[in-house]
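Asks: Quick one, what's the 3D model for this:
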Amino acid sequence: MKIQKFIFALVVACLVLTSCKTEAKKETPVVAKDAKVEKLAINISGMTCEIGCAKTIQSKLSKKDGVIDAQVVFIDSVAKIKFDANKTSKTDLIAFVDGIAGGDLYKATEKAPTKICDIDCKKDCCTKKDADKKACAEDCKKECCADKKA
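Replies: Residues are numbered from 1 along each chain as shown. Purely as a prediction, here's the structure:
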């Protein structure tokens, strides 16, 4: 009886160890030389969870023809997509996301581009005595430095 239990436990252990999958490493997407790479950020409403919704949308987008990279951030309800404009378009991608789950669950809209501050906006906007006050004053006039004014 003890031998049967031992053999059974050994078989179960072997099955568990051989059936476990290791996570495949992500391969860097191959981009064709003639690809016209563009980026798109879209707002997605209707997501209710990170694993079921966001990961599903990201997975489906990643498999779509013309998509080079797709990242869906559940917390921000945003999808960031890098795609080949020769194979697909912004309108196609938005319609594709709208159509996931039968078209009734998610609503995608293009996210308005945000202004990106350049490296000079990291200055303390003239709170310190800079040697180049003129350059500092110009930086402080930038919209992205508005929150850093003294």
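
Asks: Pull out the buried positions in stretch 54-62.
Replies: Going by neighbour count (16 or more other C-beta atoms under 10 Å), the buried part of stretch 54-62 is 54, 56-58, 60-62. (Each C-beta comes from the backbone N, C-alpha and C, glycine too.)

Asks: Output it as PDB, restricted to C-alpha atoms.
Replies: Once non-C-alpha atoms are left out, stretch 54-62 reads as follows in PDB (Å, rounded to 0.1, in the frame of the first residue of the first chain):
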ATOM      1  CA  ALA A  54      -6.600  45.600 -20.500                       C
ATOM      2  CA  LYS A  55      -4.600  42.400 -21.200                       C
ATOM      3  CA  THR A  56      -7.200  41.200 -23.700                       C
ATOM      4  CA  ILE A  57      -7.100  44.400 -25.600                       C
ATOM      5  CA  GLN A  58      -3.300  44.500 -25.600                       C
ATOM      6  CA  SER A  59      -3.100  40.900 -26.800                       C
ATOM      7  CA  LYS A  60      -5.500  41.500 -29.600                       C
ATOM      8  CA  LEU A  61      -3.900  44.700 -30.700                       C
ATOM      9  CA  SER A  62      -0.400  43.100 -30.600                       C
END
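
Asks: Show me the domain layout of this protein.
Replies: Split into domains by automatic domain parsing, the chain comes to 37-110, 119-148.

Asks: Quick one, which of these gets closest to residue 31.
Replies: Evaluated over the domains of the chain, closeness to residue 31 peaks at domain 37-110, with 5.8 Å, by C-beta to C-beta.

Asks: end-to-end on that closest one?
Replies: Domain 37-110 has an end-to-end distance of 17 Å (C-alpha to C-alpha, to the nearest Å).

Asks: what sits opposite residue 39 in the beta ladder?
Replies: Here residue 39 shows beta-bridge partners residue 82, assigned using DSSP bridges.
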